[in-house]
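1. this one's sequence-less:
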């Protein structure tokens, strides 16, 4: 059974910093642009898009597989999406410049990466290293605190159409160094985009966390009476990253 004419799997695998993966190569943006493009062309009833774990070609990402043909695309960038949707999804013509053509080479690369991954898991377990999913659960409150602090300070509104950390700190009355650290953390979470020394709101942040936006959700996010106010540390310049104990 095949409910949709095409089923597209796009890798969004996340790995520890420094290891090759589709997420680090911008797969989230590719998925977002792909969904928007499919919807804009009226293909939502024909094309199902599924974000998935590793497809095994980690060094080539972002990777995408289109079924039922089984076409494997690698190195897909947001600017490639419109061509794939029009040429492949609408006209049935594979975008050859992005397609993997050597079945044996793809198979061997996937098998090699799988074996490396399994060997790494075995070595980590033998060394008593905490599993990534448990470590991520423990770190979860940190990301929440970063976002809530930025909302509490109305930082996204202060960023406006693009600002440096110094300009934002001046507008919201906070310590410049601590503000830049906070903004870099938001950039790593893709709520801000950073080009050179200028920060810009991501579409998501602009929609929900900027004053005057149609879906402004700042008030709802900053309610929580029991939550301690972390923004006082930003005002005082005491926001710093802590090194884990050896």
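-> All right, it came through fine. Keep in mind the model is a prediction, meaning the values are calculated, not measured. Residues are numbered from 1 along each chain as shown.

2. Low-confidence ranges, this structure, go.
-> Low-confidence segments of the chain (pLDDT under 70): 221-246.

3. how about the helices of it, start to end?
-> Along the chain, counting by DSSP state H, helices occupy 27-40, 81-84, 103-126, 132-152, 155-159, 165-172, 176-188, 203-208, 218-221, 231-236.

4. tell me the most buried of those helices?
-> Ranked by mean neighbour count, those are led by helix 155-159 with a mean of 25 (mean count of other Cβ atoms under 10 Å). No exception for glycine: its C-beta is placed from N, CA and C like everyone else's.

5. What is it packed up against?
-> Where contact means 3 or more Cβ pairs under 8 Å, 6 or more residues apart in numbering; DSSP states H and E, helix 155-159 is packed against helix 165-172, helix 176-188, strand 198-201.

6. now the angle from the second one to helix 132-152?
-> Using axes from the mean of the first three to the mean of the last three Cα atoms, to 10 degrees, the interaxial angle of helix 176-188 with respect to helix 132-152 works out to 130 degrees.

7. I'd like the distance from helix 176-188 to the chain centre, please.
-> 17 Å (Cα atoms, centre = their mean, to the nearest Å).

8. Show me how the record splits this protein into domains.
-> Here the domain parsing of the chain from automatic domain parsing is 6-124, 132-236.

9. Let me know whether residue 58 touches residue 23 as I believe.
-> No - using Cβ atoms under 8 Å, residue 58 is not in contact with residue 23, being 10.2 Å away.

10. list the residues that contact both of these two?
-> Common neighbours of residue 58 and residue 23, using Cβ atoms under 8 Å, 6 or more residues apart in numbering, are 13, 15.

11. Neighbour count: the two, which is higher?
-> residue 58 (22 against 16; other Cβ atoms under 10 Å).

12. Most distant residue from the centre of the protein?
-> The centre of the chain is farthest from one residue, residue 1, which by Cα atoms, centre = their mean lies 32.2 Å away.

13. Pull up the distance across stretch 194-204, start to finish.
-> Distance across stretch 194-204, first residue to last, is 15 Å (Cα to Cα, to the nearest Å).

14. for it, which positions count as buried?
-> Burial within stretch 194-204, assessed by neighbour count using 16 or more other Cβ atoms under 10 Å, is assigned to 199-202.

15. starting at the chain centroid, how far to it?
-> 14 Å.

16. same question, stretch 137-156
-> Distance, centroid of stretch 137-156 to centroid of chain: 16 Å (Cα atoms, centre = their mean).
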